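Asks: sequence below, structure please.
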Amino acid sequence: MRKITFSIFLCLFVFFSGHAQNIVKGIVKDSDSENPLAGVLVKILNTPANKTTNSKGVFELKDLPNGSYLLEISFTGYESQNFPIEFSGKTIDLGVIFLYKDVTEDQDLSLITITDDELNDDASAADNISGLLQATRDLFLRTAAFEFSQSFFRIKGLDSGNGKVLINGIEMNKLFDGRAQWSNWGGLNDVLRNQEFSNGLAPSNFTFGGVLGSTNIDTRPSQQRPGTRISYSSSNRSYVHRVMATHTTGMSEKGWAFTFSASRRAGNEGFNEGTTYNAYSVFGAVEKKLNDNHSLVFTGIFAPNRRGKSSPNTQEVFDLKGIAYNDYWGYLNGKKINSRIKEVVEPIVMLNHYWTISDKTTIQTNLAYQFGRIGNSRIDFNGGANPSPTYYQYLPSFFLRNGDKAGAFDAQENFNDDGQLDWERLFDANITNATNGINNAYVLYEDRNDDKQVTINSILNTQINPNITLNAKLEYRRLRSYNFAEVIDLLGGIGYLDINPFADTADKRQNNLLTPNRVVGVGDTFRYNFNLNSDLVGAFTQAQFKYNKVDFYAAFNLSRTTHQREGLYQNGRFANNSLGLSDKLDFTNFGVKGGITYKITGRHLLDFNAGYMSQAPTIRNSFSNSRENNNVVDNLQSEKILTTDFSYIVRTPIITSRLTGYYTNITDATEISFYFADGVGGDNTAFVQEIMTNIEKNHIGLELGLEAQVTPTIKLKGAASVGQFIYANNPDLYLTSDVANNGGFDADFRSKDYVSNLKNYKLASGPQNAYSLGFEYRDPDYWWFGATANFFSNIYVDVAPLTRSSNFYEDADGLPFADYDPDLARELLQQEKFDNYMVVNLIGGKSWKIGDKYISVFATVNNLLNKEYKSGGFEQGRNANFRQLRDDKALDTPVFGNRYWYGRGATYFLNVNLRF
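Replies: Residues are numbered from 1 along each chain as shown. Okay, the predicted model is just below:
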């Protein structure tokens, strides 16, 4: 196989290498200081030819074919310049080229509406792709990032894990769930500007990528704009204040360059009540240019952050308390204290070696180490009542179900008057217990993931001739993840008993048989304790071909992934299958993709891409209940993705547009959910793990982006996404539980096998249709203003798979319920479709140049009309059978109604910026 591949590339090399010897060269300098600029990118548009200037600002491109081309010179913080050139076998010397600082740089929309909350929210309804799209100039994708993201719109209806995020060539998507943890580098906007984005299957020089493409963030100091930037921001979305400062030295005569950045983001409360925000960010990078061929870069990123979460709520709760209500907080000593805090402390250090072997060949070798912790706090209560103020037994609907109108009235009055977490009641209960020598009823703890990940890779880019470029990469990633629960606060008590009180025997109650009936205190590990180990070895190769009328590429990816769990506790419910090592899971995967761009003219293009790839299941979806046992998901398989898209692109001096049709088919997907269910196997109740396998999904749709420069100052723009995202089959489903004394499960705590009849149900992937229409005015005096109206439709709730299985209609004897009504069942199982809605956004700003300093102010207002809308939601799995769901939905206010996330009301973002 290797001989065949080598022979093919050798033939291509010989065939395409006969071109005229043309050279273009020049020197790039700063227009103000007239000092040379190092690291400026010089490239021939629509060809692979590119070069960066050296420490003296000099560049030289060689071996270019005859013909007419456009040479682009670009550098962050400066206005780009284009030069038409005609090659005919001679050297073209452009002499000294002055670049002018870009006073409009701070008007770049990529700095405005993507605030950190939109990249940090880990709720299922808030998974979005906005961060991946910051670097693109494509109108549709920018609209998706800056206008649609507030509605949790997903490109092509796909999870953000289908887009790859890299920093300096190192992939940052987590092995645990496949997604990038944006908060690991949050608050460092200034040093993350240099990004290379590849849309969809389009080729990248750094990675094979995913269905949604890839972004590589380049933080090399030599690629940053020299100077200092100081900014202040104010917002009411997540944080209230942000201060940021950044300084870059530029490349010195001795070959050193430094970049430092720091920021502070803070807020006692964002749009949702009780959502505190506290984050620091520090960045440092040092580059040493050893000679013209070798450079070393060391980068350190430390961005610890803490933020309060907000709760999804039923319609009953929203009607009583409004869309900003959050049941996770309560007053303690006069302060709002949130019980659900997410804390991320995961420093990143990198060492990168850049080797320019020749003008045509480079090798970049990267080593990264990331370590630290992610903690998610909550309250445990094995000796007390549920402390949540929205627990169903505390709400009016519960009393109305039982015909107690007086109780319902009292519950409503109490909820309206307070309706928050009662911290004092928790302390009182624990103190009372302590006085009597009894263990805690309540404890505050956090679920912890302490990860250590090492990544090493090497990336080769070589230009065989002016038309052919080869890319290749070898990579190894190693994750060691320590997972446990840790006591944060005893809340006035003396100790907390580490047991599961719902189990039916003394041994089964033990979370760890090695230390039975253990009483834990602050800092102690309890509940669960295990390691997850994952290793990935991968390689990718790619060939890109560029000619006057046609460009095309082909790429291949091969990887091997292993997962293994190591239990450190012997769980009493799984005494024989919790302690020690699990089976080692081993997956070999591959991907292949290719595409072609046909240039009808220079302004009209046709683009086609297709790909097939398999990818190993994430660790999260490999073990059915990793906190308690070593059980592997039954019939676990790699996920397969078949995808294709076709685009028509127009680029004229007035009109720029792209129309794309796409189709993506995903098979053998796996999903795991955790919830409390009534009506399992008849009338049994249990906290279950719902494992759904063999899932097939179809994503089909159209994307349109269109902008018209109708006058030198006015631009009209529009975008549309029309899609259909559905389940394409009826997946397999089974349940597991750690307490099976109520029936419905076998001796191994496993239910029988079900088939979930989900075919043609809509996927809960945000708005399946989204439209945007707006304008932008840019005055020659550097002030600007814009407005957009955005319309969203076809938004669906996430359905409960178990209720679409035979469990819904079967009694304990396996026969249908005697009172089962198929017509009523179809009505009960109708998927909820949310109301359509429109959101209006405004944006504007002004820039000034005062001497050698640049000042800018910009502001945005999102949801100007304060429209209330549901952005996502899910069916509660509590009503697992026909009788339970029928009786609940017959009520005026269901007790276990769907839970929703609402979009924010009117919000603002203001930024003041000084750079020099």
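Asks: quick one, helices of the protein?
Replies: Under the criterion DSSP state H, helices of the chain are mapped to 2-16, 116-120, 139-143, 315-321, 396-401, 405-417, 423-435, 822-828, 882-889.
Asks: pick the most deeply packed of these.
Replies: The highest mean neighbour count among the helices of the chain belongs to helix 139-143 (a mean of 25), with neighbours defined as mean count of other CB atoms under 10 Å. Placement of C-beta: from N, CA and C, glycine included.
Asks: that one packs against which elements?
Replies: When contacts are defined as 3 or more CB pairs under 8 Å, 6 or more residues apart in numbering; DSSP states H and E, helix 139-143 sits against strand 655-680, strand 684-709, strand 714-727.
Asks: quick one: mean pLDDT over that helix.
Replies: Looking at helix 139-143 alone, the average pLDDT works out to 87.
Asks: same check on stretch 796-807?
Replies: Averaged over stretch 796-807, pLDDT sits at 95.
Asks: please shift the residue numbers so they start at 46 in all later answers.
Replies: Will do, 46 is the new start, and the previous item becomes stretch 841-852.
Asks: just how off-centre is that stretch within its chain?
Replies: On the basis of CA atoms, centre = their mean, to the nearest Å, the separation between the geometric centre of stretch 841-852 and that of its chain is 26 Å.
Asks: do stretch 669-682 as well
Replies: Relative to the mean C-alpha coordinate of its chain, stretch 669-682 is positioned 25 Å out (CA atoms, centre = their mean).
Asks: rewinding a little: relative to Met217, which of the helices of the chain is closest?
Replies: Of all the helices of the chain, helix 161-165 sits nearest to Met217, with 12.2 Å by CB to CB.
Asks: any chance of the helices of the chain in CSV, with distance to Ser249 too?
Replies: Supplementary listing: the helices of the chain in CSV, determined by distance: least, CB to CB, whole Å:
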stretch, distance to Ser249
helix 47-61, 20
helix 161-165, 21
helix 184-188, 15
helix 360-366, 43
helix 441-446, 52
helix 450-462, 52
helix 468-480, 50
helix 867-873, 47
helix 927-934, 47
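Asks: any idea which of the helices and strands packed on helix 184-188 gets closest to Ser278?
Replies: strand 759-772 (25.1 Å).
Asks: format the helices and strands packed on helix 184-188 as CSV; extra columns: mean neighbour count, distance to Thr560 and mean pLDDT.
Replies: What follows is the helices and strands packed on helix 184-188, written out as CSV (neighbours: other CB atoms under 10 Å; distance: least, CB to CB, whole Å; pLDDT from 0 to 100):
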stretch, mean neighbour count, distance to Thr560, mean pLDDT
strand 700-725, 18, 25, 92
strand 729-754, 20, 23, 93
strand 759-772, 20, 45, 96
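Asks: dump those into CSV; add distance to Asp690 as well.
Replies: What follows is the helices and strands packed on helix 184-188, written out as CSV (distance: least, CB to CB, whole Å):
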stretch, distance to Asp690
strand 700-725, 4
strand 729-754, 9
strand 759-772, 12
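Asks: closest to Gly223 out of those strands?
Replies: Comparing the helices and strands packed on helix 184-188 against Gly223 with CB to CB, the closest turns out to be strand 700-725 (11.6 Å).
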